[in-house]
Each structure stands twice: as C-alpha cells, then as structure tokens.
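Peer 1: I need the structure of the sequence given here:
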Amino acid sequence: MQIYLVGGAVRDRLLGRPVHDRDYVVVGATPEQLLAQGYRPVGKDFPVFLHPQDGEEYALARTERKSGRGYAGFTFDTSSAVTLEEDLRRRDLTINAMAEDEHGRLVDPFGGARDLEQRVLRHVSEAFVEDPVRLLRVARFAARYAPLGFTLAPETLELLRTMVRNGEVDHLVPERVWAETRKALSEPQPSAFLRTLRDCGALARLFPQIDALYGVPQRAEFHPEVDTGIHTEMVVDMAARLAPGDALIGWCALVHDLGKALTPADQLPRHIGHENGGVAPIQELAERYRPPAEYVELAVLCCRLHLNAHRSLELRPVTLLELFEQLDGFRKKQRVEQFILVCSADKRGRLGLTEAPYPQADWLRQAYAAAAAVTAKPFVERGLQGPAIAEAVRRARIAAIAGVKSRDS
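Peer 2: Sure, this is the predicted structure:
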C-alpha cells in the first residue's frame, strides 16, 4: 500500500500559496485494509475514508468509465490494481494531476509543473469532455488564477466548445451550476469565469440573461466601456476587490443590470426603467438555480434601488429613510453595508473609474447611522402608544438624517 498527497495541495505548494486542504490517494489497497487500520468510510459513489487521527481524506485510487449523461453518469473501478498514473489521468487539469510521495518527491506524468510555470490551464486527457462539471471548474479556476497570468490552452477551450455543441453542458444539474458559480464569485477575478463560459458558448446556455448583456450599449458619458457585458465583468471584479471572498456581494453585482438587456432598441443607449425591469430576470435565474433566499432578496433590492444610491447626495431625508426601510435596514443592519458595497462596485466598475471617489458611500453610512441611532425608548417613556410610537420614530429619523446633511453642507 502506497499513499500520495494529490491535487490542490501539491498545486498550491508549487505556486507558493497557502495549503488549506490535503487529499490523499491510496494505491494498492482495499477498503477492508483501510477499515482494519481504523479509517472511517464516508464516500457514497466510491471509497473515501477519513484518517483515524487527523480526519483528512484518503481515497482509493480509481478509474472512471462513462456510462451515461451528466456528471453522475460514471462507473468506477477502485481495485487494488489501479495505478497512481491511472488515477491522475482521470483528473481535469494537468495542474491538478500531480502527486507527492511520502518523501515529498513529485509525481507529474502529465506536465502539470510545466503548465504551472507557463501559467496554462490545460486538460489532462480527452476524457475531460465526459464530465460537464469540469467546464464549470475550469471557468472557476480561470477566475482564481487569472490574476497570476494564467490562460486557457486553445485545445482545452476547443474541448469546452465540444461539450457545449454535443449537449453535455445541458445535463448539468442546477445545484452543481450554483455551487460552482458561487465559488467563482468568491475568487479574485470573477470576470474570467464569465469570459471562459462565454468563449465556449456555455454562458448563453446556462445564464442567457447575463449573456444577453453583451453588445448592449450604454451612454458613454456614464459608461466609457459602453458595452453592458463588459461593464458587468468590471463590476464583479470590483466587487471581489471591495469584498474579497464574498459571493453574496458578487452575485448582486453580477445581476444588478439585467434589465438593460430588455431595453427596446429605439431607446438605446438609454435604459429607462432598467432597475425595475431587471427584477424578473433575477427571479428567473433564482427559479432555475435556487440560490439561498438571502441572495435573491438582496439582489432584487440592489437591482431596484442602486440608482437611488448613486443620486443619494441629492435625495431628501425622507427619501433616504425610505431607502433604508426598503432595505429592511433597521432589522437587518448588514443589509445597508452590503447594498453600499454593491453600488460602489457598480459605480467604480467602469472604464477609467476604478479609482474614482464614491462619496455616496460615506454619506449613506453617515445617514444610516444617524437614523439607526433613533430608538423607540424615549417615546415610550413619554407615554406614546401603538402607531404613534412608530410615527414619532420615523419623524425623528428624518430629522436625524437632515441634521447630518446640514452639518456636511
């Protein structure tokens, strides 16, 4: 029995990145042997075990054979005769198909270390096309490693296109699409996820509401990048910069402008009412992929209200209070800051404006803090009851916002 460290831990060590998770492959062993040594089984489709002391995952070396459509359409061979190279061959990218033995010696039969040096994402074998989830994983890795200069090998891009043409991508289950998308939005450059999907034709199949934004013009005086699809890419990247690793902010940034794809041609490049028109496409995506309710609710609010954030310096105190109330900001305090981050990403996710100031953000924070400091306690102590308390709190909050505005003017 031989044990090898495999996959991401090897890749990240070679890249000089922190190693968070370690996965191991066991060659030349049977499930019975591992059970006898105290390993605990956890795998459903194929034998995976947890180490009795440290709880890390150990999987028996395996091969896969395509037996049906989709990512679940495989049969597995986990016999003790399966070699390490056979196990590595079934993996998606060469940079993920490396191993280290117990002495730290690298096992690299498919040139993963070379591709790391050359900053290339390349498939291991033609079997890549058999699992549609790999298309999403490659796009997600592009989002992770694009800042390091990684690009997709042309032959791998062609395989992704093949997966779209042959309909394999249509067998992706919604849960897997959402899981990979959520991870991609947590990466440092989510635009690379979108570009990879669009370059192979998968964006139109999986997210037609987003794909429809490309080629839609905007007014150049507000959007020097003009193309709404390019703007969306810039916004998700800015969201990743302002809120690193926060997929919720990334998702709201991704879908905030979906209404612009529905603007009648005779109105372009203006987009009158796009903030309300974008709600239905968000709900369509939510129905298809079933993201958490928090993602749907905040995305709809950001879509409907982001223009109010941009013009917040000119809004009356009562209108600002209504904005905070629509966000349910006095019950869910994090909502206001999340909304501000999304709107900041929208404003700065434009050509030449990535470093531009966005004073609306600080103003909204100050106005909200002043309004949130008002509580019902003093009005209860004065003997007010029922609706009278709510009305008194509301008037006091409007006055508090007005007081901040007069100080800053």
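Peer 1: just the helices in the stretch 101-250 of the chain please.
Peer 2: 112-118, 133-145, 154-165, 174-185, 191-200, 202-206, 208-211, 228-242, 247-255 (DSSP state H, counting those that start in this stretch).
Peer 1: Give the buried residues for the first one.
Peer 2: By 16 or more other Cβ atoms under 10 Å, the buried positions in helix 112-118 come out as 112-113, 115-116. From N, CA and C alone the C-beta is placed, and that goes for glycine too.
Peer 1: pLDDT and distance to Y214 added to these, as CSV?
Peer 2: Output for the buried residues of helix 112-118, formatted as CSV (pLDDT from 0 to 100; distance: Cβ to Cβ, whole Å):
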residue, pLDDT, distance to Y214
G112, 97, 33
A113, 97, 36
D115, 98, 29
L116, 97, 31
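Peer 1: Name the stretch among the helices of the stretch 101-250 of the chain that sits most buried.
Peer 2: helix 247-255 (a mean of 28; mean count of other Cβ atoms under 10 Å).
Peer 1: could you check the angle helix 191-200 makes with that helix?
Peer 2: Helix 247-255 runs at 50 degrees relative to helix 191-200, counting by axes from the mean of the first three to the mean of the last three Cα atoms, to 10 degrees.
Peer 1: what's in contact with helix 247-255?
Peer 2: Residues outside helix 247-255 that contact it (Cβ atoms under 8 Å, 6 or more residues apart in numbering) are 182-183, 185-186, 190, 209-210, 232, 235-236, 238-240, 242-243, 278, 281-282, 285, 291, 294-295, 298-299, 302-303, 338, 341-342, 345-346, 349.
Peer 1: Next: stretch 379-386.
Peer 2: 388-389, 392-393, 396.
Peer 1: for the residue nearest to L268 when sequence neighbours are not counted, what are its contacts?
Peer 2: Spatially, and ignoring its direct neighbours in sequence, L268 is nearest to P217 (5.6 Å; Cβ to Cβ, 6 or more residues apart in numbering). By Cβ under 8 Å, 6+ apart, the contact set of P217 is 226-228, 268-269.
Peer 1: Show me which helix runs longest in this structure.
Peer 2: Criterion DSSP state H: the longest helix present in the chain is helix 387-408.
Peer 1: tell me what that one is packed against?
Peer 2: With contacts taken as 3 or more Cβ pairs under 8 Å, 6 or more residues apart in numbering; DSSP states H and E, helix 387-408 sits against helix 317-326, helix 359-372, helix 377-381.
Peer 1: returning to that earlier point: what two of the contacts of P217 have the greatest distance between them?
Peer 2: D227 and L268 (11.8 Å; Cβ to Cβ).
Peer 1: Same drill for the two, tell me which one is more crowded.
Peer 2: Using other Cβ atoms under 10 Å, the more surrounded residue of D227 and L268 is D227, with 16 against 13.
Peer 1: what is the residue nearest to L268 paired to in the beta sheet?
Peer 2: P217 has these beta-bridge partners by DSSP bridges: D227.
Peer 1: Tell me the spacing between it and R11.
Peer 2: Per Cβ to Cβ, to the nearest Å, P217 is found 41 Å from R11.
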